[in-house]
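Enquirer: requesting a structural model of the entry that follows:
(one chain, ligands or ions: 2)
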Amino acid sequence: MAPSRAQVAETPDDLLSDPIAWLFAEHHRHRQFCDLMQRTSMATNYDEALLSWLLDFVVHELALHVLDEEEDLFPLMRARAQPEDDLDKVLTRLSGEHAKDLTRAAAVRRHLETCLRQQAPISRSNVRRRALESFAVQERSHLALENAVVLPIARLRLTERDLVELSNRLATRRGIARRPARRADPKIGAG
Ligand SMILES: [Fe+2]
Ligand SMILES: [Fe+2]
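Expert: Numbering: from 1, shown residues only. Ligands and ions are numbered 1, 2, ... in the order given. As a prediction, the model looks like this:
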């Protein structure tokens with residue numbers, strides 16, 4: 001199957017009424033983005049529209065997602081986590097990865113811009129191909145840690161009011177109208 005942007009699902013806005021479910025869905029979307037970037041890195045044909053789309057995702061969506069977590073989710077988690085959650089070390093590690101991600105994303109951006117300027121596929125240069133692949137690998141392990149540890153604890157610890165606030169802030173960052181948040185069954189999406 002040729003790499004295509006259709007392989008990355010949109011996260012429906014409606015899901016913002018349950019911000020934890022929305023973050024799980026965003027992580028799923030980001031994993032699909034990583035898979036697509038990796039497949040595109042290996043392709044031998046030049047696909048300008050696809051490279052432009054990947055560039056746009058790296059520049060806008062990844063940056064927004066880091067803000068969602070650094071400005072909204074993680075501060076709430078630091079406030080609500082209980083000592084037995086042992087969350088401090090994990091959040092410190094993830095924040096460190098966010099800082100590195102932004103540097104690595106800038107490099108990925110430059111590589112994609114070079115490909116577009118030269119009208120060359122990523123695979124034309126081993127340096128570029130490897131940089132994009134290692135970005136995808138690192139992102140996947142970051143997402144896995146957030147899914148396994150942070151979001152399940154968020155599901156347990158955030159209050160109704162926190163969820164409404166989080167939902168509003170995520171929506172506002174994207175210019176989406178406010179929606180009432182509801183607390184879902186803690187068992188759903190906690191695994
Ligand atoms: Fe993150
Ligand atoms: Fe995340």
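Enquirer: so how far is Asp35 from Arg130?
Expert: 17 Å (CB to CB, to the nearest Å). Where you see a C-beta, it was placed from the backbone N, CA and C, and this is true even at glycine.
Enquirer: what's Leu158 sitting at in phi/psi?
Expert: Dihedral angles phi and psi of Leu158 (degrees, to the nearest 10) take the values phi -70, psi 140.
Enquirer: check contacts around Thr159.
Expert: Going by CB atoms under 8 Å, 6 or more residues apart in numbering, Thr159 touches Arg80.
Enquirer: let's go with 10 Å and repeat that
Expert: 76, 79-80, 165, 183 (CB atoms under 10 Å, 6 or more residues apart in numbering).
Enquirer: where do the helices sit along this protein?
Expert: Ranges of helices in the chain, per DSSP state H, are 19-42, 48-56, 62-67, 74-80, 88-118, 126-145, 151-157, 160-173.
Enquirer: ok, back up a step: check the contacts of Thr159 and tell me the two furthest apart.
Expert: Farthest apart among those by CB to CB are Ala79 and Arg183. That separation is 17.1 Å.
Enquirer: neighbour count for these two, which is higher?
Expert: Legend: neighbour count by other CB atoms under 10 Å for Ala79 and Arg183, higher for Arg183 (14 against 11).
Enquirer: do you know the pLDDT at that one?
Expert: For Arg183, the pLDDT comes out at 52.
Enquirer: circling back: quick one: the contacts of Thr159 as JSON lines, columns for distance to Val66 too.
Expert: Formatted as JSON lines, these follow (distance: CB to CB, whole Å):
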{"residue": "Leu76", "distance to Val66": "16"}
{"residue": "Ala79", "distance to Val66": "19"}
{"residue": "Arg80", "distance to Val66": "21"}
{"residue": "Glu165", "distance to Val66": "19"}
{"residue": "Arg183", "distance to Val66": "25"}
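Enquirer: for Asn126, state which of the residues you listed is nearest.
Expert: The closest of these to Asn126 turns out to be Leu76 (CB to CB; 42.4 Å).
Enquirer: show me the contacts for the closest one.
Expert: 19, 154, 157-159, 162-163, 165-166, 169.
Enquirer: weed out the non-buried ones from those residues.
Expert: When the contacts of Leu76 are checked for burial by 16 or more other CB atoms under 10 Å, the buried set is 19, 154, 157-158, 162-163, 165-166, 169.
Enquirer: need those residues in CSV (columns: pLDDT and distance to Arg93).
Expert: As requested, the buried ones among the contacts of Leu76 are arranged in CSV below (pLDDT from 0 to 100; distance: CB to CB, whole Å):
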residue, pLDDT, distance to Arg93
Pro19, 96, 22
Ala154, 97, 16
Arg157, 97, 19
Leu158, 97, 21
Asp162, 97, 23
Leu163, 96, 25
Glu165, 95, 25
Leu166, 96, 21
Arg169, 94, 23
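Enquirer: farthest pair in the residues you listed?
Expert: The most distant members of these, if one measures by CB to CB, are Arg157 and Arg169, lying 17.2 Å apart.
Enquirer: tell me the spacing between the residue of the chain most remote from its centre and Lys100.
Expert: Distance from the centre of the chain peaks at Gln118, with 28.4 Å (CA atoms, centre = their mean). Going from Gln118 to Lys100 by CB to CB gives 27 Å.
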